[in-house]
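[1] Could you look at this predicted model? Sequence included:
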Amino acid sequence: MEMYIGTFGKRKPRTGPSSASWQGHISQEEQGLQVLGQQFMLDKLPEDIFDTLLSYLSIEDAARAACVSRGYLHSWRRYPRLLFNNKTLGLNKLGIHLDEDTRALEDEQYREDKIENHFVNKINHVLENHSGFGMKALILQLFPCHIDASYLDKWLRIAVKPGIEELALELSTLKRRAEYNFPSLLLSNEIGGSTLESLRLTSCAFHSWLQ
């Protein structure tokens, strides 16, 4: 993702090298000042503007934006729509690495454990640093591996609060995997049920807490 607050206009020197060559001779100090100026202007924006801008970004771009500006870093902790799947968790890059690992090629359980650890570490990092405020959606699409129920319980407790509107928990459908017992008490009006508009569950056992 690229963000531009302001750019230098093209200058054509009266004498000396061509315009393209001139641009190539911009000093590192000038380039640094340009970047600092962009960051300074971003950090001057009001908090509610940051939150609005962030809501239009994908989770990957929002994470990159947090590296650009302190304002985005703080707003990132209130990112409203968290989507975790193969793409956002970087499974393709991990797959390339595992394809070069002889043990991962020969031992399916070892490969699955590596993927699970990768997923858990990434999701833990994001959710544990989220303020818990302003979250509208949590979408977990964890098809390629089995995630221990204790992690799922923890993530749901962080995310499911008044204000949540969309919740999706789409797990592996492999028959050898036990279904996850979805804690339906989270859907009570006191916790998150009063604002929830969409619920999608795959490979989950659901029992009403009213029974």
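    Sure, I can see it. What you see is a predicted model; the values in this text were computed from it and never measured.
[2] alpha carbons only for contacts and neighbour counts from here, please
    Noted.
[3] List the contacts of Arg200.
    With contacts defined as CA atoms under 8 Å, 6 or more residues apart in numbering, Arg200 is in contact with Leu167, Ala168, Leu169, Glu170.
[4] Let's see that with 6 Å instead.
    Applying CA atoms under 6 Å, 6 or more residues apart in numbering to Arg200 gives the contacts Ala168.
[5] for this structure, what spans make up the helices?
    For the chain, the helices defined by DSSP state H cover 19-24, 28-43, 47-55, 59-66, 70-76, 91-99, 102-106, 108-128, 149-159.
[6] Any stretches of this protein with poor pLDDT?
    Scanning the chain for pLDDT under 70 picks out the ranges 1-76, 92-107, 144, 174-177, 209-211.
[7] mind giving me the domain split of it?
    The chain breaks down by automatic domain parsing into domains covering 1-78, 80-211.
[8] hey, what's Cys204 bridged with?
    Cys204 has these beta-bridge partners by DSSP bridges: Tyr180.
[9] can you list the residues that contact stretch 117-130?
    Stretch 117-130 is contacted by residues Arg77 when judged by CA under 6 Å, 6+ apart.
[10] Report the buried residues of that stretch.
    For stretch 117-130, a neighbour-count test (16 or more other CA atoms under 10 Å) marks Phe119, Val120, Ile123, Leu127, His130 as buried.
[11] got a markdown table for the residues you listed, with distance to Phe182 too?
    Listed next are these as a markdown table, based on distance: CA to CA, whole Å:
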| residue | distance to Phe182 |
| --- | --- |
| Phe119 | 19 |
| Val120 | 18 |
| Ile123 | 18 |
| Leu127 | 19 |
| His130 | 22 |
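[12] Ile115: neighbouring residues, count only.
    A count of neighbours around Ile115, defined by other CA atoms under 10 Å, yields 19.
[13] tally of neighbours for Ala159?
    Ala159, neighbours per other CA under 10 Å, totals 24.
[14] typed the wrong thing, it's Pro162
    Neighbour tally, Pro162, other CA under 10 Å: 20.
[15] wait, what's in contact with the spatially closest residue to it that is not a sequence neighbour?
    If the residues on either side of it in the chain are set aside, Pro162 comes closest to Gly192, at 4.5 Å by CA to CA, 6 or more residues apart in numbering. By CA under 6 Å, 6+ apart, Gly192 lies in contact with Val160, Lys161, Pro162.
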